[in-house]
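Asker: next input, structure requested:
(3 chains)
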Amino acid sequence: MIAVGALLHAKHLSRSPLEIAISLVVPVVQATLAVYLLRSGGAGDRLLDAAVGAGMMGVWSSVLFGSGAAIQNQRWQGTLEMIMLAPRRPALVLVPITLATALTGTYAILATLLWGRLLYGIRLDFAHPVAFAVVAPACILSLGLFGLLLAATFVLLRNANALANTLEYPVWLVSGMLVPITVLPGWTGPLAAALPTTWAARALREATGGGPVWPSAALCVGIGLTCAVLGAFALTYVERRARASATLALA
Amino acid sequence: MSGLRLLTVGGVIAYRALFNWTTPGMFVGTLLVGPLFQLLFFAYLGRQLQVADDRFYIVGNAVLAASLACVFGGTMAVGNERRYGTLGHVLLSPRSRTAIFLGRAVPYAGNGLLIAVTTLTGGALLLGLRVPPGALPGLALALAVGSLSCACFGLALGAVGLRLRDIWVVSNVSVAVLLLFTGVNVPAAALPGWMAAAGRFLPITHAAEAARVLAAGRGIGAALPAIGREVAVGAAYAVLAAALLTVFEAESRRRASLDTL
Amino acid sequence: MGIAVEAEDLRRTYRSRTGWARARRTEVDAVRGISFSIERGELFGLLGPNGAGKTTTIKMLNTLLIPTSGRARVCGYDVVADTREVRRRIGYVFGGDRGLYDRLSGLDNLRYFAELYGVPPREQKRRIGELLDLVRLTGRERERVEGYSRGMRQRLHIARGLLHRPEVLFLDEPSIGVDPVAARELRGAVADLAAAGTTVLLTTHYMAEADELCDRIAVIADGAIQALGTPAELRARAAGRVGTREPTLEDAYVAIVQPS
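Answerer: Next up, the predicted model:
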């Protein structure tokens, strides 16, 4: 039921030109930016990192805006109440949506890799190609699960979009999506360690450039699953609260 | 006199009517905090890769911060007429289209200026950038000109939005393109020739250049040529917006191509 | 008296293209040659089934659409060439709840359109006050339109249409979705306007409304005028088709658009 739902939603999202633009064009622009930044920073040998990193940035944007918009759009369409009325746990209804946003985010990685290969002749020589093929989908799905927790919080917020718009760059920054940032203030360390995005970026970087891929990947999946459980509890609570305070339909 | 009133009073009412992001949460989150994080992202990236100094990133991204409000605002200023179904009633006005629509760009430019100033202040305080006090008036001018030209750019996009169903795609892509082509985050010298060339025809590019010159304490005289170029770019987009609106209106009367109901 | 609105053999064809690679052009003749004239101060009704061409006709008269062929004049000005003069003299109200800035108050909506429609700044306040009284929105004018009921929105539409004291008012299904009490008040307001000398072109689906208000009625179907006359003349056409009872305008309308 979750798989069917996720595929349906992914299909729905794939038909929206806006979604395509955000998950294809914007990451490619970001990747281009990254390539020139790395080149002028004398790190021209890490261009594959840039391609993968920019793709991951796209996955995060897709999950973030997707989860925020999922709720908002359902509200505007007047379908949020319908969804909550379905005789299923609310988490089971929302998980496919957030997983779908992660899946459409995959376009971003594919796009940036293809773009890097074709335009900049970046050689796709992954240190652990098999690991990359396994870890990338796993991390993307974990981000989708993290999206559930986001969506659960967004249900409560009238301005979910505002929060989503704010959270794009800081997560890119703190989790070191493009390159690990060692010059950040120390207090951001624990924050980064708690974010599945950090471990996803790290696992993928280790898969492309070499390193112990599996521990980071396992952490990412672990945090993703924890978020899913937390999100499910939160949603159940939120649903009850919303029914009591009649905020479900608020648009 | 009455034209001026249409430009100002009309512009402000239209801003309140058509701008989606005026709620405090949206305004602070999307327009004030968002750009500040963007600035931090690129500044730290720049530090990490040692591409350029803090001043390059702080000043450049502060100028660019205006683009979000201006591009999306301009799009909403025209495109949202469709959402409310008010376009027909506006087009029934016997008054100058140029005054009606260009007046709408002004509040967004003001908005953009506010954001740019806030972002610059925030970025400078957080990262410890010192700007010579004497440069402040010039900087304000550069930021204002950048915002205005960006608002005209947004208005032209908004005009396109009258005909295009998915205008949000265009504005999202435009914002991303501004990020890359304006040389705000990658020094123009490091960009391929055609990107840097395209950037010269986009808003923000020249304003960012002027602002950097000013923040470096080189005086208003050194920045004026770049400010002049930014004004020219903005004026060109204003003319483009007015031309598009005129053409679309005329065409709509012939071919019923706009949603005038 | 004089002529306020004059249409001569108005035609309008919509062309649309479907498909990209092999574009297929389809043409729809929405209005196929309509001629009529409305006297100053007259209340003229335009009746007809959905898609008959009523709104297209109105949009050609109010300058939003250019006729494919034919001519039209409003207050003596050509609707294609003298748009500015025409627009100064017309008001346009249509039914439904779109067409207002939802996030502005009713007052701000009126202020904005007063600016657009060229009401002199000095007069604006008084004029808006008068109209708010007329449509009975005084006291609610500072609330956002998104909270207005359908009837309130409709009344705000009317106030907007009257801001610049138009000589000719186009009312396109103004009573759609309005409750009976409000509809009656609306009819009263329209009748008052006509009595005060405003020329009104009204489209409606409510036969009783047309019968009560209109001096003359044109029934259009398939883009052409099928009948034109006073309500009494139209009713007389249906005489004998409804047995012994007095025929209503509805009987006449059905007889015209659905000839047996």
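Asker: mind listing the helices for the chain?
Answerer: All of this refers to chain A. Using DSSP state H, the helices of chain A run over A:2-14, A:17-20, A:26-40, A:47-76, A:80-85, A:90-120, A:129-156, A:160-174, A:188-194, A:196-209, A:213-245.
Asker: wait, chain C was what I had in mind.
Answerer: C:54-61, C:83-89, C:106-116, C:121-134, C:150-162, C:180-195, C:207-213, C:231-237, C:249-257.
Asker: and what of the stretch 51-200 of chain B?
Answerer: B:54-84, B:87-91, B:97-127, B:136-161, B:167-181, B:193-199 (DSSP state H, counting those that start in this stretch).
Asker: quick one: the second one near chain C?
Answerer: Spelled out, that is helix B:87-91. Yes: residues of helix B:87-91 contacting chain C under CB under 8 Å from any CB of the partner chain: B:88-91. From N, CA and C alone the C-beta is placed, and that goes for glycine too.
Asker: so how far is chain A from C:Leu234?
Answerer: Distance, C:Leu234 to chain A, using CB to the nearest CB, to the nearest Å: 43 Å.
Asker: count the neighbours of that residue for me.
Answerer: 27 (other CB atoms under 10 Å in any protein chain shown).
Asker: cool, C:Gly197 as well?
Answerer: A count of nearby residues for C:Gly197, using other CB under 10 Å, gives 9.
Asker: list the buried residues in stretch C:227-235.
Answerer: C:227, C:231, C:234-235 (16 or more other CB atoms under 10 Å in any protein chain shown).
Asker: from one end of it to the other, what's the distance?
Answerer: 11 Å (CA to CA, to the nearest Å).
Asker: now that stretch: how far from the chain's centre is it?
Answerer: Between the centre of stretch C:227-235 and the centre of its chain there are 19 Å (CA atoms, centre = their mean, to the nearest Å).
Asker: model confidence for the residue of the stretch 1-150 of chain A found nearest chain B, exactly?
Answerer: Closest approach between the stretch 1-150 of chain A and chain B, counting by CB to the nearest CB: A:Gly41, at 3.0 Å. Per-residue confidence (pLDDT) for A:Gly41: 78.
Asker: what's around the closest residue in space to it that isn't next to it in sequence, how many residues?
Answerer: On the basis of CB to CB, 6 or more residues apart in numbering or on different chains, the spatially nearest residue to A:Gly41 that is not a chain neighbour turns out to be B:Leu49, at 3.0 Å. The burial count assigned to B:Leu49 is 21, neighbours taken as other CB under 10 Å.
Asker: next one: A:Ala131
Answerer: 20.
Asker: can you list the residues of the stretch 51-200 of chain A near chain B?
Answerer: A:158-159, A:161-163, A:165-166, A:168-170, A:172-173, A:178-179, A:181-184.
Asker: show me the shaky parts of chain A.
Answerer: A:1, A:12-23, A:71-89, A:156-161, A:242-251 (pLDDT under 70).
Asker: pull up the residues of the stretch 51-200 of chain C that are close to chain B.
Answerer: Applying CB under 8 Å from any CB, we find that the stretch 51-200 of chain C lies next to chain B at C:55, C:59, C:62-66, C:83-85, C:87-88, C:90, C:92, C:94, C:98-104, C:108-109, C:111-113, C:115-118, C:120-121, C:160.
Asker: can you select the buried ones among the residues you listed for me in PyMOL?
Answerer: In PyMOL, this line selects whichever of these come out buried by 16+ other CB under 10 Å:
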select buried, chain C and resi 55+59+62+63+64+65+66+83+85+87+88+90+92+94+98+99+100+101+102+103+104+108+109+111+112+113+115+116+117+118+160
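Asker: TSV for the helices of chain C, including mean pLDDT?
Answerer: What follows is those, written out as TSV (pLDDT from 0 to 100):
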stretch	mean pLDDT
helix C:54-61	90
helix C:83-89	89
helix C:106-116	90
helix C:121-134	91
helix C:150-162	88
helix C:180-195	87
helix C:207-213	90
helix C:231-237	87
helix C:249-257	86
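Asker: B:Leu31 is nearest to which of the ones you listed?
Answerer: helix C:106-116 (22.3 Å; CB to CB).
Asker: thinking again about what came up before, got TSV for the helices of chain A, with distance to B:Ala216 too?
Answerer: Listed next are the helices of chain A as TSV, based on distance: least, CB to CB, whole Å:
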stretch	distance to B:Ala216
helix A:2-14	46
helix A:17-20	40
helix A:26-40	19
helix A:47-76	29
helix A:80-85	52
helix A:90-120	32
helix A:129-156	41
helix A:160-174	26
helix A:188-194	30
helix A:196-209	35
helix A:213-245	42
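Asker: residues near B:Ala196, how many?
Answerer: Neighbours of B:Ala196 (other CB under 10 Å): 18.
Asker: who are the contact partners of it?
Answerer: B:181, B:183, B:188-189 (CB atoms under 8 Å, 6 or more residues apart in numbering or on different chains).
Asker: equivalent analysis for A:Ala31, please.
Answerer: A:50-51, A:54-55, A:112, A:115-116.
Asker: ok now do the spatially closest residue to A:Ser40 that is not a sequence neighbour, which residues does it touch?
Answerer: Leaving aside its chain neighbours, A:Ser40 sits nearest to B:Ala190 (3.8 Å; criterion: CB to CB, 6+ apart). Going by CB under 8 Å, 6+ apart, B:Ala190 touches A:36, A:39-40, B:51.
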